[in-house]
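> Quick one, what's the 3D model for this:
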Amino acid sequence: MRNKLSITAAAVAISVLLCVLGCETTDFGKKSKEPVGIMTLNEIVKYPRANQLEKEIPTFSGKTIWVNTNAFLHSRNVMDIDMIPSAQKKGFYDLLLKLDYHGKLAWMQLSVNNAYGEVGFLIDGVFYRSITPDKISSEYEDTVLIRGPFDPVTARSLKDNAQVNYKLYNGDPKDRSPL
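Residues are numbered from 1 along each chain as shown. Below is the predicted model of the structure:
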């Protein structure tokens, strides 16, 4: 009797251990799998015409604005963000974005098409501000400066979430096999 009880207890203990180590139902120490602080650059639409492609979105000031839902640039293309103190406003920041290859190509097109116009800078689908994109100075350049000014809390949030969001959208570069 005692032998059966110890075998049963050992089997239960092994089952619990295997479940804790291998089951996907436990979330011990795991971080959220949802991206946070998603930034996009979208075309601002002055006269909405296309119901499927254009959307009215809220702004941080409480108003609404129309944008094209196809983003020029998305967090999935931003590998990292650095905060640069703004020359325009003390205590505020400009953002230095490190782009992947696709993001660099998208920025090149964006900066040429909107050289004298503005695009909308959205955070989590809410219009934050409009920006005029600077041109990339060299084809080998993979960083671009977005002139703010961005308040410290927003800039820090975007910086802190940039690498995490990039990995969530694209996977960890260490996990990719070389071609």
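
> what are the phi and psi angles of the spatially most central residue of the chain?
Central residue of the chain (Cα atoms, centre = their mean): Ser75, 3.1 Å from the mean position. Note on Ser75: backbone dihedrals following degrees, to the nearest 10 are phi -60, psi -20.

> OK, contacts around it?
Contact partners of Ser75, counting by Cβ atoms under 8 Å, 6 or more residues apart in numbering, are Pro35, Gly37, Ile38, Met39, Thr40, Asn161, Ala162, Asn165, Tyr166, Tyr169. For glycine as for every other residue, the C-beta is placed from the backbone atoms N, C-alpha and C.

> what's the closest non-adjacent residue to Ala162?
Ile81 (4.2 Å; Cβ to Cβ, 6 or more residues apart in numbering).

> Check Asn77 too.
Per Cβ to Cβ, 6+ apart, closest to Asn77 is Gly103, 2.9 Å.

> re the thing from before, helix or strand for the residue nearest to Ala162, which one?
Using DSSP states H and E, Ile81 falls within strand 78-85.

> Can you pull out the low-pLDDT segments for the protein?
1-32, 173-179 (pLDDT under 70).
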